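> sequence-free structure coming up:
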């Protein structure tokens, strides 16, 4: 698929690049949530904002990855 045809289909990313990037971002946010959890447990409740925000960002990236993978599978059929 050429660049022009993928842009005409409404895709913001080149073919196949969104799935690995969103997967890596989901992993990165999950690791950051885990790393920030220990200081949050030993501090005041306001420190829980970072682990929760990172966990939510990880879930959002994972859902985007699944959506892109499903859309790509539909294109292949």
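That came through, no problem. Owing to the predicted nature of the structure, the values given are computational and were not obtained by experimental measurement. Numbers count the residues shown, from 1 in each chain.
> and residue 43, which of the three is it?
Secondary structure, DSSP: H, G, I helix; E, B strand; the rest coil: residue 43 is coil.
> Sketch out the helices for the protein, chain order is fine.
Listed in chain order, the helices of the chain (DSSP state H) span 3-8, 18-41, 49-76.
> In a markdown table, list the ones you listed along with mean pLDDT and mean neighbour count.
From N, CA and C alone the C-beta is placed, and that goes for glycine too. Below are the helices of the chain laid out as a markdown table (pLDDT from 0 to 100; neighbours: other CB atoms under 10 Å):
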| stretch | mean pLDDT | mean neighbour count |
| --- | --- | --- |
| helix 3-8 | 50 | 10 |
| helix 18-41 | 91 | 15 |
| helix 49-76 | 90 | 14 |
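> separation between residue 59 and residue 17?
Applying CB to CB, to the nearest Å, the value for residue 59 to residue 17 is 21 Å.
> Correct me if wrong: residue 29 contacts residue 50.
No. Taking contacts as CB atoms under 8 Å, residue 29 lies outside contact range of residue 50: 10.8 Å.
> For residue 54, see how far away the residue nearest in space to the middle of the chain is.
Nearest to the mean C-alpha position of the chain, by CA atoms, centre = their mean, lies residue 61 at 1.8 Å. To residue 54, residue 61 is 11 Å away according to CB to CB.
> Overlap in contacts, the two.
residue 29 (CB atoms under 8 Å, 6 or more residues apart in numbering).
> list the contacts for residue 67?
Applying CB under 8 Å, 6+ apart to residue 67 gives no contacts.
> Distance check, the closest residue to residue 65 other than its chain neighbours against residue 73.
Of all residues not flanking residue 65 in the chain, residue 22 sits nearest, at 3.9 Å (CB to CB, 6 or more residues apart in numbering). According to CB to CB, residue 22 and residue 73 sit 15 Å apart.
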